[in-house]
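>>> Build me a model from this:
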Amino acid sequence: MWYKRSGDAPPFLGQGTGVGGGTSPIKRSGDAPPFLGDVSGVVGGVSPIYSGGKAVRGKFHGRVYHILSEIGSGGSGSVFLARCGDRTVALKISKDMIGLIREYRYLKEFSPDGFAPEPYEIDDVVKDGDMKHCISIEYIKGNTLRQILKKGSLTLKNALDIGIKLGGILEKIHRKGLIYCDLKPENVIVCPDGSVKLVDLAGIMREGASIREFTKNYDRGAWNMGPRIADRNYNMFSLACIIIEMLEPQKFKKAAHISGLLSVVRSKYPPGFFNLIDSALKGSIEFDVFYRNLVSLSAQIKDKNPSRSADAILNIVLVCSFLFFIFTILLAAG
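Predicted structure coming up:
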């Protein structure tokens, strides 16, 4: 959404290379630009006059935005890479003034927590008589989770790490009586330092409200697994779906019902993980319990890694000792 094209991103852990002295937790993404949600069915879409190379001026603040390129489009508007003075920004333009005001308010509220881009200014822009509303927003370097998954699946450890980071973000939103109702890979950015951010905060709603904006694959109502109501378990269902998709993107895409979704993880992954995902999709546990168990499960996987390494080293030592023993016998016989 509002970030650099993925071609500028550093290599990822999946290819075993470092990033600024550390490593990022996932594989390299492709060169295509990330998107703000689905590109079809744009409700708040903008005119072609906002194409690259054009400039628009804010009606009230008077700032001039030089449009460099379109980053993407979604249900709540289109986002452009733009220059304003000496600053590169993401400029979201839409006909939906109420939605933009709501999103601006939530960006202001949550950007200090570090998981949402900082909003700079809200204004109207006019070009050739075409009036729209806009927000200029911090331009974040990173890749959407969707871009990453186009290159392949993640390991269980990496998927759990991203799931835990998303769970922590959702928990912060829940504390304020709010629900992020359009959780999907397109709205998740993984930054070069491994941190995770959420974008398109227009989908945030008060707990208990009827959900208006959703994406079918991550909506429990579409899977006949619960009401389309903004509650914490609605987020739990979406997060469980995303974790499955990170592990098995192609199989997730083909699943047509909940049993098919569960079969994706039943045979290939540990029973504890399957049981946790099963409970989350069926809503038989609460979000807080699901989140704590994700953290616990990830820690268990970490604990296993050193023992595997130790076993491997021990095996090498034993083999070398045996070979040395054989060599000594042969030398003595000669």
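>>> Is it correct that A222 is in contact with K216?
Yes. Counting by C-beta atoms under 8 Å, K216 is a contact partner of A222 at 4.4 Å. From N, CA and C alone the C-beta is placed, and that goes for glycine too.
>>> count of residues packed around E70?
Neighbour count for E70, taken as other C-beta atoms under 10 Å: 20.
>>> In three-state terms, how would H66 be classified?
strand (DSSP: H, G, I helix; E, B strand; the rest coil).
>>> was I right about it contacting F80?
No. Judged on C-beta under 8 Å, H66 makes no contact with F80 at a distance of 9.9 Å.
>>> what about the two, which has more around it?
F80 (27 against 17).
>>> Quick check: phi and psi on the more buried one?
Backbone torsions of F80, given as degrees, to the nearest 10, read phi -120, psi 150.
>>> Next: R146.
According to degrees, to the nearest 10, R146 has phi -60, psi -50.
>>> pLDDT score for it?
Here, the pLDDT recorded for R146 equals 95.
>>> Surely it and E186 touch.
Yes. Between R146 and E186 there is a contact under C-beta under 8 Å: 4.8 Å.
>>> May I have the beta-bridge partners of T144?
Per DSSP bridges, the residues bridged to T144 are I189.
>>> burial measure for it, as a count.
26.
>>> Could I get the average pLDDT for stretch 68-88?
Computed over stretch 68-88, the average pLDDT equals 86.
>>> Also stretch 191-206?
What stretch 191-206 shows for mean pLDDT is 92.
>>> how distant is it from the center of its chain?
7 Å (C-alpha atoms, centre = their mean, to the nearest Å).
>>> Give me the buried stretch members for it, please.
Within stretch 191-206, the residues that count as buried by 16 or more other C-beta atoms under 10 Å are 191-192, 194, 196-205.
>>> hmm, which two among those residues are most spread apart?
Put simply, by C-beta to C-beta the two of those set farthest apart are P192 and M205, 31.1 Å from each other.
>>> Extract the residue ranges of the protein that are flagged as low pLDDT.
1-53, 74-76, 127-128, 302-334 (pLDDT under 70).
>>> Do a quick rundown of the strands in it.
55-58, 64-74, 77-84, 87-94, 119-127, 130-138, 143-144, 178-180, 188-190, 196-198, 204-206 (DSSP state E).
>>> Phi, psi for the closest residue to S279 other than its chain neighbours please.
By the measure of C-beta to C-beta, 6 or more residues apart in numbering, the closest residue to S279 outside its immediate chain neighbours is I285, 4.5 Å from it. With angles defined as degrees, to the nearest 10, I285 sits at phi -130, psi 170.
>>> Check which residues of stretch 220-228 are buried.
Buried residues in stretch 220-228 (16+ other C-beta under 10 Å): 220, 223, 225-226.
>>> Could you identify the most distant pair in those?
W223 and G226 (8.4 Å).
>>> got any residues that touch both of these two?
F237 (C-beta atoms under 8 Å, 6 or more residues apart in numbering).
>>> which of R146 and E186 has more neighbours?
Using other C-beta under 10 Å as the criterion, R146 and E186 rank with E186 on top: 23 against 18.
>>> Would you confirm that that one contacts N143?
No. Contact criterion C-beta under 8 Å: E186 and N143 do not qualify, at 11.3 Å.
>>> Just the endpoints, please. Distance across stretch 274-291?
14 Å (C-alpha to C-alpha, to the nearest Å).
>>> Identify the residues contacting the spatially most central residue of the chain.
The chain has V188 as the residue nearest its centroid, 2.3 Å off, counting by C-alpha atoms, centre = their mean. Neighbouring residues of V188 by C-beta under 8 Å, 6+ apart: 144-146, 162, 166, 196-199, 242.
>>> rerun that using 6 Å as the cut-off
L145 (C-beta atoms under 6 Å, 6 or more residues apart in numbering).
>>> how near is it to N217?
14 Å (C-beta to C-beta, to the nearest Å).
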